[in-house]
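>>> Quick one: sequence and predicted model below, then my questions.
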Amino acid sequence: MHSCNACGFFTATRYAAQMSISAIIVAAGQGERAGGDTPKQRQSLGGKPVFVWSVEAFLSHPKVTECILVAPAGDEAIYASLVPDAVNTVPGGANRAESVKAGLRDSMVQEPGLVMSHEAARPGLNQGTITTLIDAMANADAAAPALPVSDALKRQYETRLSNIDRSNLYRVQTPQVFRHGDISKALEIAGSLVDDLAAIEARNGKVVLVRGSESLAKITYPDDLKRLERLLMPTPLAPRLGTGFDVHAFEPGDAVTICGVEIPHDQKLAGHSDADVAWHALTDAILGAAALGDIGDHFPPSDPQWKGAPSHLFLAHAVKVAAEAGWALTSCDLTVICEAPKVKPHREAMRQRTADITGLPLDAISVKATTTEGLGFTGRRAGIAAQARAVMSPLPPKA
């Protein structure tokens, strides 16, 4: 082993040796200071137990060979039921060192393999931290994430305070990584330990600290769980509002199509497709809310395949591509602007047809009609205009 301890942050070149790596997650404590009816490591964070966050982080890392969960003695079955079968669950000991030794005894990894010991009450572990720690072992006997102490430090003596120089002081986190043989021997002869690094430090091993993270903070008190939930859970996206507007002129014919409903009239609407002015406006509103362009981008008027096409194809396409982008249509409001034909007698049929295409419930669809009191091209009965608003809500992330 090296004869000095490294206290500065270190970025190693990639550890070239291909070796087995065992992840030991220590979850055997009771965590009473965190409050609640269950140990802190089993309390819910983002819909799953705290300790499961760390299990998933290790299982998904390509260099980790095995994952061992050290559970409270007698509760192994409870913990094992909450993790994949690939995880070995073993009973823990009376203290941290004994629990880590229990994990080591179950490990299939041997020298020169690595062991990563991690506290289950630190759910904010990510792939980058695991990789950085493995790389750091190219030039160390042990490695751990840490953050410099930034707050002022004082020691209290009854009514007096004294300042403590915070230079070279660090908040050490986990996982802590070692060579299997080194940590096994060190823990066998160690006494009471602050952490597993202390066993290596007692043997004058070289310890490298890599940059840690606030999300790796330990849950100790009730407020810690709330703070980590804010750090680890993504902020929900707010709903989006999209607007659309369309207009079509009249031409000779005998009916108009609005919201998929054919309404008898002495003229029809001119357009490359079926000229469904309301659904065109709604299609644009959906695409706009999802930032996916407009109807002309998806269905160019210059493309002959869309000549005379029914507009339900456009509307269904907009709903589909918005969903693929992570947005669901949750309500819509359409306003048809014309002097004739009368829309109100057909309004319920229009709502139903819109529900059929979009999948929305009827009570989430509004269809209204108005006139311009004889003003403008609609007032002159030269055509029909429509405007639409679409409310889009974020879909939950895909598993």
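Now that the structure is in, tell me what you want to look at.
>>> which residues sit in contact with His298?
Leu287, Leu292, Phe314, His317, Ala318, Val321 (CB atoms under 8 Å, 6 or more residues apart in numbering). Yep, even glycine has a C-beta here, placed from its N, CA and C like the rest.
>>> Which two of those residues have the greatest separation?
With distances taken as CB to CB, the most widely separated pair in the contacts of His298 is Leu292 and Phe314, at 12.6 Å.
>>> excluding its backbone neighbours, what's nearest Pro361?
Residue nearest to Pro361 in three dimensions, not counting chain neighbours: Ala355, with 6.7 Å by CB to CB, 6 or more residues apart in numbering.
>>> Neighbours of that neighbour, how many?
Other residues within reach of Ala355, judged by other CB atoms under 10 Å, total 16.
>>> dump the residue contacts of it.
Ala355 neighbours (CB under 8 Å, 6+ apart): Pro361, Leu362, Ile365.
>>> re earlier: compare Leu292 and Phe314 (neighbour count), which wins?
Phe314 (24 against 17).
>>> so how far is Ile258 from the closest residue to Cys338 other than its chain neighbours?
Once flanking residues are discounted, Cys338 sits nearest to Ile384: 4.2 Å by CB to CB, 6+ apart. For Ile384, the distance to Ile258 (CB to CB, to the nearest Å) stands at 7 Å.
>>> what residues do the two have in common as contacts?
Joint contacts of Ile384 and Ile258 (CB under 8 Å, 6+ apart) are Val277, Val336.
>>> thinking again about what came up before, okay, the contacts of His298 in TSV with secondary structure and distance to Gly103 next?
Shown next, in TSV, are those (DSSP: H, G, I helix; E, B strand; the rest coil; distance: CB to CB, whole Å):
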residue	secondary structure	distance to Gly103
Leu287	helix	53
Leu292	coil	50
Phe314	helix	59
His317	helix	54
Ala318	helix	53
Val321	helix	48
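>>> now the helices for the stretch 151-300 of the chain?
180-189, 196-201, 222-232, 277-289, 295-298 (DSSP state H, counting those that start in this stretch).
>>> Which strands or helices does the fourth one pack on?
Other elements packing on helix 277-289 under the criterion 3 or more CB pairs under 8 Å, 6 or more residues apart in numbering; DSSP states H and E are strand 240-252, helix 295-298, helix 312-324, strand 327-337, helix 347-358, strand 383-394.
>>> Buried residues, the fourth one. List them.
So the one you mean is strand 327-337. Residues of strand 327-337 classed as buried: Trp327, Ala328, Leu329, Ser331, Cys332, Asp333, Leu334, Thr335, Val336, Ile337 (neighbour count, 16 or more other CB atoms under 10 Å).
>>> Kindly report the same for the last one.
Judged by neighbour count using 16+ other CB under 10 Å, the buried positions of strand 383-394 are Gly383, Ile384, Ala385, Ala386, Gln387, Ala388, Arg389, Ala390, Val391, Met392, Ser393.
>>> quick one: it to strand 327-337, angle?
If you take axes from the mean of the first three to the mean of the last three CA atoms, to 10 degrees, strand 383-394 sits at 160 degrees to strand 327-337.
>>> same for strand 383-394, what does it pack against?
strand 240-252, strand 255-258, helix 277-289, strand 327-337, helix 376-379.
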